[in-house]
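Q: Give me a 3D structure for the following:
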Amino acid sequence: MDPVPTERVRGSLSAPATGAVLVVAALTVGMLLLFAGRDGYHRDELYFLEATHHLAFGYVDQPPLSVVMILFSRLAFGNSPFGIRIIPALVDGGLVVTGAAIARQLGGGRFAQLFAAICTAVGGYIVAAHLSGPTIYDALAWGVASYLIVRIIRTGDERLWLAVGAVVGLGLEAKHTILFLLLGLAIGLVVSGRAPLLRSPWLWAGAALAVALWSPNLVWEAAHSWPTLEMDRNLRAEHSGLGSVFTFPLLQLLLPNPFLAPV
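A: Numbers count the residues shown, from 1 in each chain. Modelled structure (predicted):
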């Protein structure tokens, strides 16, 4: 039984606003590179640089991907603030393109795609991309996975769950927070009446691929008594209180960019 017949009869997508979106992405990357060398190292970047001399499949506070990327940056572009911030800037450019691609999959025309690209470019991602760390890689994983999921729902091509699994697996090597996307996805599919998608063998194959890609970090965590969970408990104890309950919704409006809150 076809779980998504409605999406399959929506017709073709609008023409992609490729040129305009690429201009926005290029300007975003250019702006980041323009200011990449004007500040010294952030303390976290110094920590990541030191971690490149102690390579492992995990660290107390994060999986290994951002350390591997900063090692590659150091070897390829030099051991300077500018050098280690080149790849994060390029990743943010990819995120801008991904935002426009999601808008197109949702039925947006050229203006909607361009507007989505601009909103992505001036949102909070540009702050994360200014520094070399795990957050921008996590954001790209969320974006690409979301694009693929929207495309699955629109077209019914469940083979794309394998691609989702690959993206999620790599994302889990950057930060573990992409698990919240999967939780939200499961809830959303059930609430929207698309629960049959959760029974797709392609989805479970994608899940197996994600776990396989994540397994080096999982094995490291298990071998070291799950230190990331212990750190998480300590952070929650340190920042507990009613204040976080009331400030969290407000931060969701302010962090992306206060001017984008109405959008």
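Q: Of all residues in this structure, which one is nearest the centre?
A: The centre of the chain sits closest to residue 139, judged by Cα atoms, centre = their mean, with a distance of 2.3 Å.
Q: In contact with the closest residue in space to that residue that isn't next to it in sequence, which residues are there?
A: Nearest residue to residue 139, sequence neighbours excluded (Cβ to Cβ, 6 or more residues apart in numbering): residue 125, at 5.4 Å. From N, CA and C alone the C-beta is placed, and that goes for glycine too. Neighbour list for residue 125: 92, 95, 136, 139 [criterion: Cβ atoms under 8 Å, 6 or more residues apart in numbering].
Q: Between those, which sits nearest residue 42?
A: If you rank those by distance to residue 42 using Cβ to Cβ, residue 136 comes first, at 13.1 Å.
Q: Mind giving me the packing neighbours of the helix or strand hosting that closest one?
A: Assessed by DSSP states H and E, residue 136 sits inside helix 134-155. If you count contacts as 3 or more Cβ pairs under 8 Å, 6 or more residues apart in numbering; DSSP states H and E, helix 134-155 packs onto helix 5-8, helix 65-77, helix 86-105, helix 125-129, helix 161-172, helix 178-191.
Q: ok, 10 Å please
A: Packing partners of helix 134-155 (3 or more Cβ pairs under 10 Å, 6 or more residues apart in numbering; DSSP states H and E): helix 5-8, helix 43-51, helix 65-77, helix 86-105, helix 125-129, helix 161-172, helix 178-191, helix 201-223.
Q: centre of the chain versus the last one, how much separation?
A: In this view, helix 201-223 has its centroid 17 Å away from the chain centroid, taken as Cα atoms, centre = their mean, to the nearest Å.
Q: between the next helix or strand after that helix and helix 201-223, how many degrees?
A: Using DSSP H and E, the helix or strand that follows helix 201-223 towards the C-terminus is helix 227-238. Helix 227-238 and helix 201-223 are oriented at 80 degrees to each other (axes from the mean of the first three to the mean of the last three Cα atoms, to 10 degrees).
Q: so how many other residues sit close to residue 167?
A: By other Cβ atoms under 10 Å, the residues close to residue 167 number 25.
Q: Just list the residues touching it, thanks.
A: Going by Cβ atoms under 10 Å, 6 or more residues apart in numbering, residue 167 touches 140-149, 178, 206, 209-210, 213.
Q: got it, and residue 116?
A: Taking Cβ under 10 Å, 6+ apart, we find residue 116 in contact with 17, 21, 24, 96, 98-104, 106, 108, 263.
Q: Residue 172 versus the closest residue in space to residue 218 that isn't next to it in sequence, what's the distance?
A: Counting by Cβ to Cβ, 6+ apart, the nearest residue to residue 218 once its immediate chain neighbours are dropped is residue 211, at 7.7 Å. Distance, residue 211 to residue 172, by Cβ to Cβ, to the nearest Å: 9 Å.
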